[in-house]
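fold the following.
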Amino acid sequence: MLAAIFEHGQVTVQEKEIPSPGPKEALVRVHLAGVCNTDLEILAGYVPFTGTLGHEFVGRVVQALEHPELVGQRVVADINCGCGHCPWCLQKNHRHCMQRKVLGIRGLDGAFAHYIQVPVANLYPVPDQIPDEDAVFAEPLAAALEIGQQVHITVQTRVAVLGDGKLGLLCALALSLYSPRLRLFGRHPAKLHIASAQGIATCCLWSGQIPGPEDTGFDLVVDCTGQAQGIDTALDLVRPEGTVVLKTTSTDPSTVNMSRVVVNEMSLLGSRCGDMGLAVHFLAHRWISVQPLIHKVFPLSSTPMALDQAGQKGALKVLIDCR
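Numbering: from 1, shown residues only. You can find the predicted model right below:
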């Protein structure tokens, strides 16, 4: 099979052996995989990793020794693989297992390949009505929806999402179903139009637009800028006693004036992965439209080009076709 392998600071597409799944694992034939900003951060040294990249994918089970009923089923997967024995895993919170491995990020090969080996416990069936081009968004959509599981949001909650990239758009689209009082801030009119076409209020502050009273004092601000300074803008927009949710991961350090956090009694909340089952549920009901976020599709053999394209300014979701 072909696999896009990151080693010695570069990505190359190589031939390698098809994995042999163990008793509690499944072999999945990858259909589509998505390029995430985390993949790009790994290339920049965000975490030490060597192996096959990619953690957003949809595919079909071709082998599962202990679960033959899964063979032929289209699936997506939770990327966090816990040890199964620690207190976190016993509470079914394996994404905080201290010994966890993460598909394509930490200790396990990922989905930029013809086949991927995944623990059966991590698989989520994909209903027939969800096309591959939607299902490949399940992992980042789950991360967007996680905010609604961490923060109590009502129809009265004023929400601001900062950043009109892939995750910012998904967060805005997902959270708008919890509260209609949501505004998406970004720099790119074309990207903001994707959200406004689905009923999201937007604001392009960086185009010279002067913010009005409706653009400050938010109860909840979500930083999806991907920039170290994004938290400072978030603190500018949130009200006293409000909450800032941090989605940005960056190799660049952030410098925060903590005195304003203390004086204004703000809450800072980190947010990472989410419930894949909830994401599949949203996609099955077509509550949001994700395909407008697709920027370009590359064949697996052109993965280095796909990663380069995904890193270009203004790029949205780049997909890798492994079919």
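
CA atoms for contacts and neighbours, from now on please.
Fine.

surely K101 is in contact with V118?
No. In this structure K101 lies outside contact range of V118 using CA atoms under 8 Å: 11.2 Å.

so the two - more neighbours on which side?
Comparing K101 with V118 by other CA atoms under 10 Å, the one with more neighbours is V118, at 27 against 19.

if I look at the more buried one, how far off is A26?
5 Å (CA to CA, to the nearest Å).

what about the longest helix in this protein?
helix 138-150 (DSSP state H).

name the helices or strands packed onto that one?
Under the contact criterion of 3 or more CA pairs under 8 Å, 6 or more residues apart in numbering; DSSP states H and E, helix 138-150 touches strand 56-63, strand 74-77, helix 166-175, helix 276-284.

same for the second one, what does it pack against?
Using 3+ CA pairs under 8 Å, 6+ apart as the contact definition, the elements that strand 74-77 packs against are strand 56-63, strand 123-125, helix 138-150.

cool, the last one as well?
Contacting helix 276-284 under the criterion 3+ CA pairs under 8 Å, 6+ apart are the following elements: helix 132-135, helix 138-150.

following it, which helix or strand comes up?
strand 294-299 (DSSP states H and E).

equivalent analysis for the second one, please.
Going down the chain from strand 74-77, the next helix or strand is strand 80-81, by DSSP H and E.

ok, now the third one?
Sequence-wise, the next helix or strand beyond helix 166-175 is strand 182-185, with elements assigned using DSSP H and E.

any idea how far that following strand is from the chain center?
The chain centre lies 19 Å from the centre of strand 182-185; the measure is CA atoms, centre = their mean, to the nearest Å.

quick one: contacts of it?
Under the criterion CA atoms under 8 Å, 6 or more residues apart in numbering, residues 158-164, 168-169, 172, 175-176, 192, 195, 200-205 lie in contact with strand 182-185.

so for the longest helix of the chain, what gets flagged as buried?
138-148 (16 or more other CA atoms under 10 Å).

can you tell me the distance between the two ends of stretch 291-303?
End-to-end distance (CA to CA), stretch 291-303: 20 Å.

what residues of it count as buried?
In stretch 291-303, counting by 16+ other CA under 10 Å, buried: 293-294, 297-298, 300-301, 303.

same deal with stretch 257-277?
In stretch 257-277, counting by 16+ other CA under 10 Å, buried: 261, 266, 271, 273-277.

do the same with stretch 114-124
The neighbour-count check on stretch 114-124 (16+ other CA under 10 Å) flags 114-120, 122-124 as buried.

quick one: which of these sit in strands?
Secondary structure from DSSP state E places 115-119, 123-124 of the buried residues of stretch 114-124 in strands.

ok, A195 touching L173?
Yes. A195 is within contact range of L173, at 6.8 Å (criterion: CA under 8 Å).

these two: which has the busier surroundings?
Shown here are A195 and L173; by other CA under 10 Å, L173 has more neighbours (27 against 23).

one step back: which of the helices and strands packed on helix 276-284 sits closest to I105?
Smallest distance to I105 across the helices and strands packed on helix 276-284 (CA to CA): 13.7 Å, for helix 138-150.

same question for the closest one, mean pLDDT?
For helix 138-150, the mean per-residue pLDDT is 96.

what of stretch 67-82?
For stretch 67-82, mean pLDDT rounds to 96.

ends of that stretch, how far apart?
So stretch 67-82: terminal residues 20 Å apart, CA to CA.

stretch 286-303: end-to-end distance?
29 Å.

outline the domain layout of this protein.
As given by automatic domain parsing, the domain ranges for the chain are 2-137+290-321, 147-270.

please tabulate the ones you listed in CSV, including the columns distance to H281.
Compiled in CSV, the domains of the chain are given as follows (distance: least, CA to CA, whole Å):
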stretch, distance to H281
domain 2-137+290-321, 9
domain 147-270, 12
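
among those domains, which is nearest F282?
Nearest to F282 among the domains of the chain is domain 147-270; the distance by CA to CA comes to 8.8 Å.

and that closest one, how far out from the chain's middle?
16 Å.

quick one: end-to-end distance for that domain.
End-to-end distance of domain 147-270: 9 Å, with CA to CA as the criterion.

please apply the same query to stretch 193-200.
End-to-end for stretch 193-200, by CA to CA: 9 Å.

list the buried residues of that stretch.
Quick answer for stretch 193-200 (16+ other CA under 10 Å): 194-196, 200.

and the residues you listed, which is closest to C97?
A195 (35.3 Å).

could you say what helices and strands whatever helix or strand the closest one lives in packs with?
If you go by DSSP H and E, A195 is part of helix 189-196. For helix 189-196, the elements it packs on are helix 166-175, strand 182-185, strand 201-203, judged by 3+ CA pairs under 8 Å, 6+ apart.

so after the shortest one, what's the next helix or strand?
Put plainly, it is strand 201-203. strand 218-223.
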